[in-house]
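Undergrad: Model the following, please.
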Amino acid sequence: MAEAKESSQFIKDDGRVRLSHELSEGEKKATEKRKVKVLECLKSLNIACIEDKMPNIAMLGSGGGQRAMIALLGTLVDLKKQGLLDAVMYLCGVSGSTWCMSFLFKEKDWTEKVQDLEERLCETLSNPQCDIQKATATQAAEDELFSLTDDWASFFVYLALKQYDKTKLSEHKDTSTNGTNPYPIYASIEANQLDKAGENSPETWFEFTPHESGFPSLGAFVCTKDFGSKFKDGDLKEKREEKNICYLPGLWENALGSMEEIIQYLIGTDISVC
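TA: Residues are numbered from 1 along each chain as shown. Below is the predicted model:
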């Protein structure tokens, strides 16, 4: 009965900011399940280790827009062919790599069919240009706070991905905790802290997972489904609808952390739409 009660408490969202440097309960449960897969993979590679001393292998995807997205997917496909993908505990990314990750984690068992997903993405990227005006209008109608981030997500990211994804990051919990796939961590830069602390400071990093989002350096997190809602003194004061996956890459892109970078990109980019 005690275990059942703990499980229900972990699932319940109490509407508060969690102040702790501990991993979230969701991440703990996900990595515990993933350990089974990792140990099996290491054993098949003739790497002997016990659970308490097994390495925590993380794969980090870099930024670079559509090129980073394609590069990460190609690397994952090759890891699968080499029998190494199941050894990965965490899959982390910034900018264009997160586009690849959010595409994959819509699939419950993506590590088992990553080659098929690669072909699907290639077909999607080969499609004619999407209706950006329709996407932008849809996003504006859904949210009263329509900003430069929305423009970036709906315009540049949407054009790169050739699809308008209305799923939510919190809906990727099952895909992240079933033990079949690595646990995902999406990273972004907090622009205000970037100006104060500098680009190499851990205080500038903001993490997103299907369970929680927040500042790991500060140990301050909220449930991902509450990201974008209003909090005061650690309590949820105004609940807002969770942003969809088409919006979040605008934050993960990190270009918004520097207005100079945005201006340089716009000046040097042909933004005509067919």
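Undergrad: And for Lys168, nearest residue in space, chain neighbours not counted?
TA: Leaving aside its chain neighbours, Lys168 sits nearest to Glu242 (4.8 Å; criterion: C-beta to C-beta, 6 or more residues apart in numbering). C-beta coordinates here come from the backbone N, C-alpha and C atoms, glycine included.
Undergrad: Does that neighbour touch Phe227 like I think?
TA: Yes. Applying C-beta atoms under 8 Å, one finds Glu242 in contact with Phe227, separated by 6.8 Å.
Undergrad: Could you pull up the residues touching the residue lying closest to Asn56 once chain neighbours are set aside?
TA: The shortest distance from Asn56 to any non-neighbouring residue, by C-beta to C-beta, 6+ apart, is to Met89 (5.1 Å). Contacts for Met89 (C-beta atoms under 8 Å, 6 or more residues apart in numbering) come out as 31, 34-35, 38, 56-58, 182-183.
Undergrad: right, and the pair among these with maximum separation?
TA: Lys35 and Ala58 (13.8 Å; C-beta to C-beta).
Undergrad: When Glu242 and Phe227 are compared, which one has more neighbours?
TA: Ranked by neighbour count (other C-beta atoms under 10 Å), Glu242 and Phe227 place Phe227 first, with 21 against 18.
Undergrad: Return the list of helices and strands in contact with the longest helix belonging to the chain.
TA: The longest helix of the chain (DSSP state H) is helix 25-44. With contacts taken as 3 or more C-beta pairs under 8 Å, 6 or more residues apart in numbering; DSSP states H and E, helix 25-44 sits against helix 2-11, helix 173-177, strand 183-189.
Undergrad: weakest of the ones you listed in terms of mean pLDDT?
TA: Note on those: lowest mean pLDDT is at helix 2-11, with a mean of 36.
Undergrad: so after that one, what's the next helix or strand?
TA: Counting by DSSP states H and E, the next helix or strand C-terminal to helix 2-11 is strand 18-19.
Undergrad: residue contacts, the residue nearest to Lys168?
TA: Applying C-beta under 8 Å, 6+ apart to Glu242 gives the contacts 168-170, 224-228.
Undergrad: Can you tell me the SS state at it?
TA: Three-state call for Glu242 (DSSP: H, G, I helix; E, B strand; the rest coil): coil.
Undergrad: Now stretch 89-107: buried residues?
TA: Judged by neighbour count using 16 or more other C-beta atoms under 10 Å, the buried positions of stretch 89-107 are 89-105, 107.
Undergrad: now, which of the residues you listed lie within helices?
TA: Within the buried residues of stretch 89-107, residues falling in helices by DSSP H are 96-104.
Undergrad: still on that earlier bit, most neighbours among the contacts of Glu242, which one is it?
TA: Top of the contacts of Glu242 by neighbour count (other C-beta under 10 Å): Thr224, with 27 neighbours.
Undergrad: For that one, give its distance to Ile245.
TA: Per C-beta to C-beta, to the nearest Å, Thr224 is found 12 Å from Ile245.
Undergrad: joint contacts of those two?
TA: Leu169.
Undergrad: Tell me where the model's unsure across this structure.
TA: Applying pLDDT under 70 to the chain flags the ranges 1-13, 128-164, 191-202, 254-274.
Undergrad: show me where it has strands.
TA: Ranges of strands in the chain, per DSSP state E, are 18-19, 58-61, 90-94, 183-189, 205-208, 212-215, 220-223, 230-232, 235-238.
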